[in-house]
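S.K.: sequence plus the predicted model coming up.
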Amino acid sequence: PGQIVRFNTIDTRTRTVGVVVAVDGPYRNAVPGVRPPLLNGMFVDVELRGAPQPGRVVVPRAAVRDGAVHVVDADNRLRKRRVQVLFSLGGLSAIAEGLQGGELLVVSDLVPAVEGMALAPVADAALAERILAAAGGERTP
């Protein structure tokens with residue numbers, strides 16, 4: 001376990017940010033010839049976790065197109081809804097405004113997507129499970 005002490009370089013070409021992580025006991029898990037101790041300036045793989053944010057709506061990143069999503073209304077009709085994305089990470093986007101938990105989100109690519117058209121929604125349980133796992137911090141394939 002460690003703690004971020006500062007952000008370092010920003011590479012606009014690769015869209016990455018360097019971080020400096022302080023680790024207590026950098027020699028603790030060292031195994032000579034197998035696992036070196038953590039030394040100042042080493043490059044390592046780090047898993048970052050933020051504080052939980054309960055109540056956030058998380059959707060597949062691909063479902064957000066030009067700042068909007070498609071939802072299914074109470075009459076099973078297609079509606080376009082403007083949303084504000086808080087952040088996107090990997091294949092997910094956290095929604096800050098415009099979408100409430102429990103609403104039916106269209107995740108397939110509808111061509112053409114005509115406002116008000118009738119839909120026959122089908123739940124994608126596997127996708128919902130992957131989103132819940134990823135939003136909860138679990139690694140998914």
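M.R.: All right, it came through fine.
S.K.: other SSEs contacting the top strand by length along the chain?
M.R.: Criterion DSSP state E: the longest strand present in the chain is strand 2-11. On a contact count with 3 or more Cβ pairs under 8 Å, 6 or more residues apart in numbering; DSSP states H and E, strand 2-11 meets strand 16-23. Glycine gets a C-beta too; all of them are placed from N, C-alpha and C.
S.K.: list the strands paired with the strand it packs on, with their directions.
M.R.: Taking DSSP bridges as the criterion, strand 16-23 sits next to strand 2-11 (antiparallel) in its sheet.
S.K.: alpha carbons of the partner strand, as PDB, please.
M.R.: Extracted in PDB, the C-alpha atoms of strand 2-11 (Å, rounded to 0.1, in the frame of the first residue of the first chain):
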ATOM      1  CA  GLY A   2       1.100   3.500  -0.800                       C
ATOM      2  CA  GLN A   3      -0.100   7.100  -1.100                       C
ATOM      3  CA  ILE A   4       0.100   9.500  -4.000                       C
ATOM      4  CA  VAL A   5       2.300  12.400  -2.900                       C
ATOM      5  CA  ARG A   6       2.300  14.400  -6.100                       C
ATOM      6  CA  PHE A   7       1.600  14.300  -9.800                       C
ATOM      7  CA  ASN A   8       4.600  14.500 -12.100                       C
ATOM      8  CA  THR A   9       4.800  14.900 -15.800                       C
ATOM      9  CA  ILE A  10       1.900  15.100 -18.300                       C
ATOM     10  CA  ASP A  11       2.500  13.600 -21.700                       C
END
